[in-house]
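Dropping a prediction and its sequence here:
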Amino acid sequence: MRKKIVAGNWKMNKTFEEAEDLVYEIADGIESMSLDDTEIIVCPPYVFLELTSDAVNDKKLKIGAQNVHHERSGSYTGEVSAAMLQSMDIKYVIVGHSERRKYFHESGEMLFQKVRIAREHELTPIFCCGEQLEDRKSGKHFDVVKAQLEETVFRLDEEHFARVIIAYEPVWAIGTGETASPEQAQEMHACIRDLIGKAYTDQTAADTTILYGGSCNPGNAASLFNNPDVDGGLIGGASLKSADFLEIIKHRLNT
Ligand code: PGA
């Protein structure tokens, strides 16, 4: 049985006090909810991982990192390794976000190294894929996403792939207020599940959690989550306000 997940990506936002307030508001907000098979994760900036991990100790909320370096250790000033995250008991890490691909020039090969090293350290990658607007306009969106998966996560053994969460995030919908329609999301998620079935097995495809990300908010979450292949969301802007994030979680629990 695959899990439903709502994950928040705080990106480069919040100060120490703001992060503390937000994580407590979310952790306390979900405490009384009956989550069943739904997992709630927040991914704060690295510098707040310890603060937020301490805050959620013994609570239902889980903490993930926004990135991990593609080498195991060494002279990479300013970077953070998978072993460091593992040693802090972090279980999730976002890999392949379009902002990292664009601003930090992360290539397919580098992203493969990241997911491989993450899995070596018991981290669950939340692997992002998604097309640019030009790709969609020219009808290449399925091919682009297929290539992104083939050059990265599909190179993992089935045992490791089975621990990967996929996040479909059309680049044109990230932070733009423009969301993929429920039909566009379902169509791409079904395509991704089909590709997983071909790369591995139907069982693995059925068990893989596929999240939608890109301007998901309390107003559109229910219609997105109400699709058979949309298992939840990776939420950026709307995860920065506890009321909005909790509202989105409620939509996941009720659809
Ligand atoms: P957004 O970001 O919800 O602000 O569009 C989503 C993401 O980048 O993961």
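Thanks, I have it. Numbers count the residues shown, from 1 in each chain.

Next to the ligand, which bits of the chain? Give me the list.
9, 169, 174-175, 213-216, 234-238 (C-beta under 6 Å from any ligand atom). Just so you know, the C-beta spots here come from the backbone N, C-alpha and C atoms, and that holds for glycine as well.

Make a markdown table out of these and add neighbour count, pLDDT and secondary structure.
Written out in a markdown table, the entries for the residues of the chain next to the ligand read as follows (neighbours: other C-beta atoms under 10 Å; pLDDT from 0 to 100; DSSP: H, G, I helix; E, B strand; the rest coil):
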| residue | neighbour count | pLDDT | secondary structure |
| --- | --- | --- | --- |
| 9 | 26 | 98 | strand |
| 169 | 27 | 98 | coil |
| 174 | 20 | 93 | coil |
| 175 | 13 | 88 | coil |
| 213 | 28 | 97 | strand |
| 214 | 26 | 96 | coil |
| 215 | 21 | 95 | coil |
| 216 | 30 | 96 | coil |
| 234 | 27 | 98 | strand |
| 235 | 26 | 98 | strand |
| 236 | 23 | 98 | coil |
| 237 | 19 | 97 | helix |
| 238 | 20 | 98 | helix |
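
Max pairwise distance over the residues you listed: which two?
By the measure C-beta to C-beta, 169 and 238 form the most distant pair in the residues of the chain next to the ligand, at 13.8 Å.

And what about the closest residue in space to residue 69 that isn't next to it in sequence, helix, strand or coil?
Leaving out its chain neighbours, the residue that sits closest to residue 69 by C-beta to C-beta, 6 or more residues apart in numbering is residue 79, at 4.2 Å. In terms of secondary structure, residue 79 is coil; the call rests on DSSP: H, G, I helix; E, B strand; the rest coil.

again, but for the one 5 residues further on
With three-state DSSP as the basis, the three-state label of residue 84 is helix.

That one and residue 57: what is the separation?
Spatial separation of residue 84 from residue 57 under the definition C-beta to C-beta, to the nearest Å is 19 Å.

Quick check on these two: which one has the bigger neighbour count.
residue 84 (17 against 10; other C-beta atoms under 10 Å).

Could you measure from the more buried one over to residue 183?
Here the criterion is C-beta to C-beta. By it, residue 84 lies 42 Å from residue 183.

same deal with residue 28?
If you measure residue 28 against residue 183 using C-beta to C-beta, the figure is 36 Å.
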